[in-house]
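Asks: Mind folding the following:
(one chain, ligands or ions: 1)
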Amino acid sequence: MKKLGSLFVLLLLLKITNIMAQDKAKVLVLIHSDNGGTYELAKEIAKGIESDKNATAIIKQVKTSQNQKLKDIPVATVEELPTYDGIAFGSPVYFGNISTGMSEFLSKTVNLWTNHSLEGMPATVFMSAGSGAGKELALQAFWNSLTVHGMVMVSNGIRGTESINKAIPQGNTVLGVTSMASLKDVERPTKDERNIAELQGKNFAKVALALKGTFAKKAISTIEKSVNFNETLKQKNIVLPQVPKPAGNYKPFVRSGNLVFINQVALKDGKILNPGKLGVDVNEQQVKDATRATMLNVLSVLNEAVGGDLSKVKQCVQLTGIFNTKDDYTKHADLMNIASDLTVEVFGDKGKHARATLGASSIPVNSSVEIQAIFELE
Ligand SMILES: Cc1cc2nc3c(=O)[nH]c(=O)nc-3n(C[C@H](O)[C@H](O)[C@H](O)COP(=O)(O)O)c2cc1C
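Replies: As a prediction, the model looks like this:
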């Protein structure tokens, strides 16, 4: 009986904690950053938001970054934007405008726009500049895009300027805080820029809480939702191997624009699976098994290229299968079907690709197969 009583109290406490968490304003701090300046401001904005005990801040970025300071920041999806109570947008100033990375992300929000999904949601903006030339134009450009979405723009006024050190250039603006990273008189963001960012976050949390529940969070089902291919892998029990390390002066993948280029051989658990020439050292089934292992390596590298979010894959563009065969062998297509079928199994229609197959008299490290892959990302 006593145990039952304790269990009831525990459940009640869990329920109350849950309700309290639900009541908090959930604010996304969404950034693009090349060198980390915008991220520094984002952390202050988030600190300011969380100084209000009724608000939580989540920092995410619009795309993966190879920069050590930024590579662990999660990447936001377009579809998750309507689930927040407010969004603080941050980016570098590019030619008096928002950065290309931020612009590319916003250009993918057409479905949200036509569904009025962000209408009435509060937004605020902040930016990292170089010299600061064109910083207000850039902040204004942010406003242009976000007001087209019908977001409620929260300015920063002259917040925090009473105590600002006026002897040095500072990134205070009425539209939102900035920093001027290339002015090296003091560490950037300056102490005052950090302070203004924190105050901006604090004020934004207040507005987000006040507006919470006043705008409809449009159900994501009404929006064209991207498929979670990582979930598909789990459901189909397809386990991606560790990303094979490059054996020379090259990278596992290269991204050029929206295309990712990947080449792999049949490395499995540190050694080549079923090595050798088809018809001499290995049979067709063994080469098929090696082909699957090779394609899994390709997918593993692809997963790294998209920062662990395979929903960013727009299309498998082309697969090329090279097989170590005798001169008179002609059934390369049967072998390659293993890789093609696996790709379609994971990505559905987005996995359907153009394809080439060919035979070779030898393949590096005596692999029986090599696959070259090109994927297009969102
Ligand atoms: C393509 C490009 C254009 C830029 N244009 C401007 C500009 O118009 N004004 C400015 O002050 N800084 C400009 N910068 C400098 C960046 O805004 C600055 O380095 C910023 O601090 C980068 O932010 P991050 O550290 O978050 O990457 C530009 C940088 C690049 C790459």
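
Asks: how much space between the residue nearest to residue 94 when sequence neighbours are not counted and residue 317?
Replies: Nearest residue to residue 94, sequence neighbours excluded (Cβ to Cβ, 6 or more residues apart in numbering): residue 100, at 6.2 Å. No exception for glycine: its C-beta is placed from N, CA and C like everyone else's. Distance from residue 100 to residue 317, counting by Cβ to Cβ, to the nearest Å: 22 Å.

Asks: could you pull out the strands for this protein?
Replies: 25-31, 55-61, 86-94, 97-98, 122-129, 152-153, 178-180, 253-256, 259-265, 267-268, 271-272, 313-324, 354-360, 369-377 (DSSP state E).

Asks: the domain parsing of the protein - what is it?
Replies: Structurally, the chain divides into domains by automatic domain parsing as follows: 18-222, 229-377.

Asks: Buried deepest among those, which one?
Replies: domain 18-222 (a mean of 19; mean count of other Cβ atoms under 10 Å).

Asks: where does the closest residue to the ligand within the stretch 201-350 of the chain land on pLDDT?
Replies: The nearest approach of the stretch 201-350 of the chain to the ligand comes at residue 257, 15.7 Å away (Cβ to the nearest ligand atom). For residue 257, the pLDDT comes out at 90.

Asks: next one: residue 222
Replies: 48.

Asks: for residue 195, same thing?
Replies: 98.

Asks: Skipping its backbone neighbours, what lies nearest it in space?
Replies: residue 160 (5.5 Å).

Asks: so what's that neighbour up against?
Replies: Residue 160 sits next to 172, 192, 195-196, 199 when contact means Cβ atoms under 8 Å, 6 or more residues apart in numbering.

Asks: Format these as CSV; extra columns: distance to residue 145.
Replies: Shown next, in CSV, are the contacts of residue 160 (distance: Cβ to Cβ, whole Å):
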residue, distance to residue 145
172, 23
192, 28
195, 27
196, 23
199, 24
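
Asks: Kindly reformat those residues as TSV containing distance to the ligand.
Replies: Shown next, in TSV, are the contacts of residue 160 (distance: Cβ to the nearest ligand atom, whole Å):
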residue	distance to the ligand
172	15
192	17
195	18
196	16
199	20
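
Asks: so, if you compare those, which one comes nearest to residue 307?
Replies: Nearest to residue 307 among these, counting by Cβ to Cβ, is residue 196 at 30.7 Å.

Asks: contacting residues for that closest one?
Replies: Counted by Cβ under 8 Å, 6+ apart, residue 196 has contacts 156, 159-161, 164, 170-172, 177.

Asks: where does the stretch 1-150 of the chain dip in pLDDT?
Replies: Scanning the stretch 1-150 of the chain for pLDDT under 70 picks out 1-22.

Asks: For it, what lies in contact range of the ligand?
Replies: Contact residues, the stretch 1-150 of the chain versus the ligand (Cβ under 6 Å from any ligand atom): 33-38, 92-96, 128-135.

Asks: quick one: residue 336 and residue 290 touch, right?
Replies: No - using Cβ atoms under 8 Å as the test, residue 336 is too far from residue 290 to be in contact (11.8 Å).

Asks: one step back: any chance of the strands of the chain in JSON lines, with distance to residue 206 too?
Replies: Shown next, in JSON lines, are those (distance: least, Cβ to Cβ, whole Å):
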{"stretch": "strand 25-31", "distance to residue 206": "9"}
{"stretch": "strand 55-61", "distance to residue 206": "8"}
{"stretch": "strand 86-94", "distance to residue 206": "10"}
{"stretch": "strand 97-98", "distance to residue 206": "25"}
{"stretch": "strand 122-129", "distance to residue 206": "10"}
{"stretch": "strand 152-153", "distance to residue 206": "13"}
{"stretch": "strand 178-180", "distance to residue 206": "21"}
{"stretch": "strand 253-256", "distance to residue 206": "40"}
{"stretch": "strand 259-265", "distance to residue 206": "42"}
{"stretch": "strand 267-268", "distance to residue 206": "55"}
{"stretch": "strand 271-272", "distance to residue 206": "60"}
{"stretch": "strand 313-324", "distance to residue 206": "39"}
{"stretch": "strand 354-360", "distance to residue 206": "54"}
{"stretch": "strand 369-377", "distance to residue 206": "38"}
